[in-house]
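[1] Test case, fold it:
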Amino acid sequence: METHRGTRVSVRGVVGAVATDPASPAHRVPELLRRPRPLPRFKSRSGRQSAHYTRSAFRMREGELTLAKTATPLRFAWSFDEVDVAALAPTMVVISRDPDGRWYVTFAVDTTTPSPSEPCGAAVGVDLGLRDFLVTSDGERIANPRHLARKAHNLARYQRRMARCRRGSSNRRKAKIKVARAHRKVRNARQDFLHRVTTTLVRSADLIAIEDLNVRGMVRNRYLARAISDTGWGEFRRQLQYKCARAGRTLIVVDRWYPSSKTCSNCGHRLTDLALDVRHWTCPGCRTRHDRDLNAAKNILAAGRAVARGTSGDACGADVRRQGSSLPRSAVKQETRAVRHSA
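    All right, here's what the predicted structure looks like:
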């Protein structure tokens, strides 16, 4: 027994010596591998559930779907009237269930690459914001619908009812479904709005220039995190990317450090500082009155055109040619002047 205890002590001592010795192999392990890893995240029974069926696990005949290990066809409501479900030859079937209890069937099919859209000869710059969801370089403004804020009252009421129910009870399960249903309505309304906006942009312009926003860093602001998350800027960019690629349009993403708001779109003068609450300002160089969002959209368009041509610098520099008769001046050699601000 004493020998066994001595062996245990000696083994621990060797391990400790190896870990603390700078010349040991443990110190040559990259720092990333020695960091504590997060615990695995398991799927929740009440969350979204999905099952993928490959070609050998289902049968599709005359519009009837039969899954593996089922004796009768699966009944479903077809949502696309212009497509004949009997003519489908799916390669995969996905059965999913939302937290509110709704079931969906998704078919993956092989299709040909769609032909590019006809060119329209237009270019547009887009500036995203919270007061207005977006402002284009043409002066068009699309108001922020604030989907979550409009449903916040009902959502809070459902969540209070769920909090009063005992865990594991039938009433809590019903209240949880109502909360999930409220979230689904907000999510679907946001998705529909983003699809309409992105489709309109892709159909109306050959070149679309947007700004690379650091959404992950912006949501760290606890005062604006909910409003920023409600806008769906990341989903807006994702939809623009795949729709532009499918329609043959050009999408330019301007660098996030490009000073689009505090640079004059007429003469190129760049301010040293511009507070977020300032919505209008007067350029000290050419005395042009600017709307903050519209001016940023024009600068984003100018930077996008420069990047598309590849001849007038990049989107991060101050020498990108702006609209107007006068050439822009270098941002380094400008002198600071008094600027008129108005909220």
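[2] Same question for stretch 172-179: list its buried residues.
    Neighbour counts using 16 or more other CB atoms under 10 Å place 172, 175, 176, 177, 178, 179 of stretch 172-179 among the buried residues. The way it works is simple: take the backbone N, C-alpha and C, and place the C-beta from them, glycine included.
[3] These in helices, which ones?
    Among these, DSSP state H puts 172, 175, 176, 177, 178, 179 in helices.
[4] residue ranges of the helices in the protein, please?
    Per DSSP H, the chain carries helices over the ranges 2-20, 31-34, 147-150, 152-164, 170-204, 215-218, 225-231, 233-247, 292-309.
[5] Mean neighbour count, these: which tops it?
    helix 292-309 (a mean of 24; mean count of other CB atoms under 10 Å).
[6] now it, how far from the centre of its chain.
    21 Å (CA atoms, centre = their mean, to the nearest Å).
[7] Minimum distance to residue 139: which of the helices of the chain has it?
    helix 292-309 (6.2 Å; CB to CB).
[8] What is the closest one packed up against?
    Contacts defined by 3 or more CB pairs under 8 Å, 6 or more residues apart in numbering; DSSP states H and E place helix 292-309 against strand 123-128, strand 132-136, strand 207-211, strand 250-254.
[9] Just the C-alpha atoms of it, please, in PDB.
    Taking C-alpha atoms only, helix 292-309 is exported to PDB below (Å, rounded to 0.1, in the frame of the first residue of the first chain):
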ATOM      1  CA  ARG A 292     -25.600  63.100 -43.100                       C
ATOM      2  CA  ASP A 293     -27.100  59.900 -44.500                       C
ATOM      3  CA  LEU A 294     -27.500  61.200 -48.100                       C
ATOM      4  CA  ASN A 295     -24.000  62.500 -48.100                       C
ATOM      5  CA  ALA A 296     -22.700  59.100 -46.900                       C
ATOM      6  CA  ALA A 297     -24.600  57.300 -49.600                       C
ATOM      7  CA  LYS A 298     -23.100  59.500 -52.300                       C
ATOM      8  CA  ASN A 299     -19.600  58.900 -51.000                       C
ATOM      9  CA  ILE A 300     -20.200  55.200 -50.800                       C
ATOM     10  CA  LEU A 301     -21.300  55.200 -54.400                       C
ATOM     11  CA  ALA A 302     -18.200  57.200 -55.500                       C
ATOM     12  CA  ALA A 303     -15.900  54.800 -53.600                       C
ATOM     13  CA  GLY A 304     -17.700  51.800 -55.100                       C
ATOM     14  CA  ARG A 305     -17.300  53.200 -58.600                       C
ATOM     15  CA  ALA A 306     -13.600  53.800 -58.000                       C
ATOM     16  CA  VAL A 307     -13.200  50.200 -56.700                       C
ATOM     17  CA  ALA A 308     -15.100  48.800 -59.700                       C
ATOM     18  CA  ARG A 309     -12.900  50.800 -62.200                       C
END
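[10] taking the mean pLDDT, what do you get for it?
    Helix 292-309 shows a mean pLDDT of 92.
[11] Now do that helix and strand 132-136, the angle between them.
    Per axes from the mean of the first three to the mean of the last three CA atoms, to 10 degrees, the angle that helix 292-309 makes with strand 132-136 is 50 degrees.
[12] Okay, angle between helix 292-309 and strand 207-211 too, please.
    Using the same axes, to 10 degrees, helix 292-309 lies at 120 degrees relative to strand 207-211.
[13] what sits against the most centrally placed residue in the chain?
    Here the mean C-alpha position of the chain is nearest to the C-alpha of residue 234 (CA atoms, centre = their mean), at a distance of 1.4 Å. Taking CB atoms under 8 Å, 6 or more residues apart in numbering as the criterion, residue 234 is in contact with residue 215.
[14] of all the ones in helices among the buried residues of stretch 172-179, which comes closest to residue 97?
    Set against residue 97, the nearest of those by CB to CB is residue 177 (11.8 Å).
[15] what's that closest one in contact with, if anything?
    99, 100, 101.
[16] Just the buried ones out of those, please.
    99, 100.
[17] Can you give the contact residues for stretch 136-146?
    Counting contacts by CB under 8 Å, 6+ apart, the residues outside stretch 136-146 that touch it are 124-127, 129-135, 189-190, 193, 197, 227, 230-231, 293-294, 297-298, 300-301.
[18] And that stretch, what's buried?
    For stretch 136-146, burial by neighbour count (16+ other CB under 10 Å) applies to 136, 137, 140, 142, 144.
[19] is it true that residue 292 touches residue 261?
    Yes - counting by CB atoms under 8 Å, residue 292 touches residue 261, with 5.6 Å between them.
[20] any chance of the helices and strands packed on helix 292-309 in JSON lines, with distance to residue 38 too?
    Listed next are the helices and strands packed on helix 292-309 as JSON lines, based on distance: least, CB to CB, whole Å:
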{"stretch": "strand 123-128", "distance to residue 38": "32"}
{"stretch": "strand 132-136", "distance to residue 38": "34"}
{"stretch": "strand 207-211", "distance to residue 38": "32"}
{"stretch": "strand 250-254", "distance to residue 38": "30"}
